[in-house]
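In: Provided below are the primary sequence and the corresponding predicted coordinates.
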Amino acid sequence: MKKTDLLIISSLRQNAREKLTEISKKTRIPVSTIFDRIKMHEGSIIRKHTALVDFGKLGYNTRANIILKISKGDREAMREFLMKHNSINSAFKINNGYDFLIEAVFANIKEVEDFTDLLEEKFSIKAKQVFYIIDELKKEDFLSNPALVSFGN
């Protein structure tokens, strides 16, 4: 990846709504180049333009990371269930004895308990651990400061 591309991506990670002219001033990359590079990378390196939301301010005060070990026969059905469930913010296939790591968002702890009860009713769960998120210290920060971007070589 070129230095130009990393600077552009880093600027977008810092503030995706910043005007291209402002990014151009900071990075000394022509606006036309920035525009072309963004378009070129959309759908590949830039997978999605999104907003980071403070869920608590929307009434969703409970977040949990849940790790699950599922019977082999239920893994695909679990994957499909997680992909469709509204409360799942992120889902990952993982290793080291577990199958899935999910980050879920709920209004309260009772909703988390109802969700985990539903999982246990629908699927053959061999192991489950629930970790409640107490405080978010850092999120989506990697490659978000153009001044700190490493270019290798």
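Out: That came in fine, so what should we check first?
In: Next one, pLDDT for the spatially most central residue of the chain please.
Out: For the chain, the residue sitting closest to the mean C-alpha position, by CA atoms, centre = their mean, is residue 90 at 5.8 Å. Here the pLDDT value assigned to residue 90 is 97.
In: I figured residue 78 hits residue 66, correct?
Out: No: at 11.5 Å, residue 78 and residue 66 do not qualify as touching, with contact defined as CB atoms under 8 Å. All C-beta atoms are positioned from the backbone trio N, CA, C, and that covers glycine.
In: and for these two, which residues touch both?
Out: Residues within reach of residue 78 and of residue 66 at once, by CB atoms under 8 Å, 6 or more residues apart in numbering, are residue 100.
In: before we move on, back to that, excluding chain neighbours, what is closest to the residue nearest to the centre of the chain?
Out: residue 103 (4.3 Å; CB to CB, 6 or more residues apart in numbering).
In: what secondary structure does the one you found sit in?
Out: Secondary structure state of residue 103, per DSSP: H, G, I helix; E, B strand; the rest coil, is strand.
In: Which residues are in contact with it?
Out: With CB under 8 Å, 6+ apart, residue 103 has these contacts: 63-65, 88-91.
In: how far away is residue 62 from residue 118?
Out: Using CB to CB, to the nearest Å, residue 62 is found at 16 Å from residue 118.
In: Among those two, which residue is more densely surrounded?
Out: Of the pair residue 62 and residue 118, residue 62 is the one with more neighbours under other CB atoms under 10 Å, namely 18 against 12.
In: Show me which positions of stretch 125-142 end up buried.
Out: 125, 130 (16 or more other CB atoms under 10 Å).
In: oh sorry, the question was meant for stretch 83-102
Out: 87-88, 91, 98-102.
In: least trustworthy helix or strand in the protein by mean pLDDT?
Out: Within the chain, no helix or strand scores below helix 3-14, which has a mean of 92 by mean pLDDT, DSSP states H and E.
In: Mind giving me the packing neighbours of the helix or strand that that one is followed by?
Out: Next along the chain after helix 3-14, taking DSSP states H and E as the criterion, comes helix 20-27. With contacts taken as 3 or more CB pairs under 8 Å, 6 or more residues apart in numbering; DSSP states H and E, helix 20-27 sits against helix 3-14, helix 31-41.
In: All good on my end, thank you.
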